[in-house]
Each structure stands twice: as structure tokens, then as C-alpha cells.
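**Student:** what's the 3D shape of this:
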Amino acid sequence: MSWREDAKKRVALQAVKHVKDDFVVGLGSGSTAAYAIQELGRLIKQDGLQVMGVPSSSQAMMLAVNAGIQLTTLDEHPTLDLAIDGADEVDKALNMIKGGGGALTREKIVASAAKQVVIVADEKKLVPKLGSTFKVPVEVLGFALATVSAGIKELGGKPVLREGKGKVGAVVTDNGNYIVDVDFGPIDSPEELNLGLKFIPGVIETGLFMNIADIVYLGKQDGVIKLER
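**Tutor:** Numbers count the residues shown, from 1 in each chain. You can find the predicted model right below:
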């Protein structure tokens with residue numbers, strides 16, 4: 001296991017320590033969140049932990065089923081005790097870019113429903129400004145792809161339709177929409193940019209996550225950094 005994978009596993013274990021009996025937990029997507037799902041499954045089987053999970057993607061759902069986590073929905077539990085998820089970029093104010101796995105809309109909905117949001121990532125995801133190393137994913141209604149792309153260009157972005165690996169054509173989200181990855185460069189005001197994007201008709205959601213994370217665990221080669229809002 002590389003140091004980065006080991007670091008991801010360590011921060012996932014830290015995040016799961018926030019889970020208590022009878023919690024309903026939002027289950028994030030991606031490689032680091034996957035370690036948290038596996039650890040929850042281990043605690044259920046070995047220690048008898050009683051929890052239910054609300055997955056934010058089909059990937060998280062399948063991992064949770066394989067881990068033995070009982071699933072529920074936001075219809076049944078509109079308020080979650082905790083959500084654990086990953087991030088593609090994090091700044092020191094705990095603002096984030098998410099959506100590398102294409103699940104940004106459901107991830108934002110699940111996180112917004114949680115009383116506490118714990119984010120897990122490796123230290124390379126910490127950046128001085130969002131957009132420094134990662135493009136901003138935007139979920140777009142297919143019908144509006146051309147008009148949304150034009151609107152994004154007016155905001156100074158360079159949109160690229162995300163295409164599949166192992167399939168021909170565009171990536172389609174769990175919601176049946178497209179993902180456009182937008183290069184804005186380092187972002188001075190993520191709140192203002194998020195609002196501008198949301199005003200474009202046909203934009204479903206953006207990968208800019210502000211004022212959502214409560215705790216961020218960043219895995220280092222020799223330990224874990226904890227950041228709190």
C-alpha cells in the first residue's frame with residue numbers, strides 16, 4: 001500500500017470514530033470514503049454497531065451493501081446524524097471542490113441534511129485557493145449543454161464535457177445528467193462563482209462546497225491533520 005492509500009485509510013478510521021450507536025450516516029463517494037464504509041461494516045459485524053446509511057451514489061450504495069450496512073433514504077430520515085465524504089480540494093476555510101466521481105449533486109444534498117459533516121482526504125488535497133489543482137465539476141441538464149457552456153464562458157471558465165473511460169461518449173450521472181469540468185484557475189471568491197453558476201438555466205449543481213464541512217481529516221505520510229470550522 002502506498003503512503004497515500006495508507007493515509008486515506010487512517011483518516012477514514014478517524015472519521016468513523018464520530019459514529020455512535022443508532023446514527024443515520026450519510027455515506028460519501030470515492031476512494032477515501034470507501035475506506036470509511038468498509039470500517040463501518042467491520043464495526044457492525046464485529047462490535048454490533050447499530051447504524052443505517054444513506055448513500056450518495058450507486059458506488060457508495062454497492063459498497064455499503066457489500067459491507068453489511070442497512071440502507072435507508074432521506075424520505076425516511078431527512079435529518080442525518082453525520083455524513084462522511086471525501087474531497088478533491090480543500091482550502092484552510094474548509095471550502096471544497098468535490099465531484100471528481102460525478103456524484104456532486106447527491107453528495108451536496110446528503111451533506112446538507114447532516115448535523116455534522118466530516119471530510120477525509122490526503123494532505124495533497126489542501127490548497128491555498130480552490131481551483132489551484134482541480135477543475136470545478138458542474139452537473140448539467142443534457143438539453144441545456146450548449147447554453148450552459150456559453151454561460152460558463154461568460155463567467156471566465158473553460159468548460160470541457162467529461163467523457164467516459166471504457167465507454168464511448170459523455171459521462172452520465174446517477175441523475176441522468178452530464179458533467180462539465182470547468183477550468184477557472186485559482187478562485188478568489190468561490191461563493192460568488194457558485195452563485196453565478198447556479199443562475200445559469202440548466203445547471204443542476206456545482207462542485208463548489210462552501211460552509212458545509214465541520215471537520216476535515218487530512219492524511220500525511222506520518223500522521224493526520226485535523227481542521228475544524
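
**Student:** mind showing which ranges of this protein have poor pLDDT?
**Tutor:** Within the chain, the stretches with pLDDT under 70 are 1.

**Student:** Show me where it has its helices.
**Tutor:** Counting by DSSP state H, one finds helices in the chain at the ranges 3-16, 31-47, 58-67, 104-112, 145-154, 190-198.

**Student:** Which residue ranges make up the domains of this protein?
**Tutor:** If you go by automatic domain parsing, the domain ranges for the chain are 3-127+210-228, 136-207.

**Student:** Any chance of TSV for the ones you listed, columns mean neighbour count?
**Tutor:** Quick note: C-beta positions are derived from backbone N, CA and C, even for glycine. Output for these, formatted as TSV (neighbours: other Cβ atoms under 10 Å):
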stretch	mean neighbour count
domain 3-127+210-228	20
domain 136-207	17
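
**Student:** Ala170 and Ser58, how far apart?
**Tutor:** Applying Cβ to Cβ, to the nearest Å, the value for Ala170 to Ser58 is 17 Å.

**Student:** Return the distance of the nearest residue to Gly169 once chain neighbours are set aside relative to Gly48.
**Tutor:** In this structure, Gly169 finds its nearest non-sequential neighbour in Glu163, 6.6 Å apart by Cβ to Cβ, 6 or more residues apart in numbering. Relative to Gly48, Glu163 is positioned 45 Å away (Cβ to Cβ).

**Student:** for Lys17, same thing?
**Tutor:** Distance, Lys17 to Gly48, using Cβ to Cβ: 17 Å.

**Student:** sorry, back to before: bridged to the residue nearest to Gly169, which residues?
**Tutor:** With DSSP bridges as the criterion, Glu163 is bridged to Ala170.

**Student:** doesn't Val171 make contact with it?
**Tutor:** Yes. Between Glu163 and Val171 there is a contact at 6.5 Å, judged by Cβ atoms under 8 Å.

**Student:** do you know how far the nearest residue to Asp85 once chain neighbours are set aside is from Pro159?
**Tutor:** Using Cβ to Cβ, 6+ apart and skipping the chain neighbours, the partner closest in space to Asp85 is Gly28 (2.7 Å). Per Cβ to Cβ, Gly28 is found 25 Å from Pro159.

**Student:** do the same with Glu205
**Tutor:** Distance of Glu205 to Pro159, given as Cβ to Cβ: 15 Å.

**Student:** same question, Leu80
**Tutor:** Leu80 is 32 Å from Pro159, by Cβ to Cβ.

**Student:** Repeat that for Asp122.
**Tutor:** Distance from Asp122 to Pro159, by Cβ to Cβ: 28 Å.
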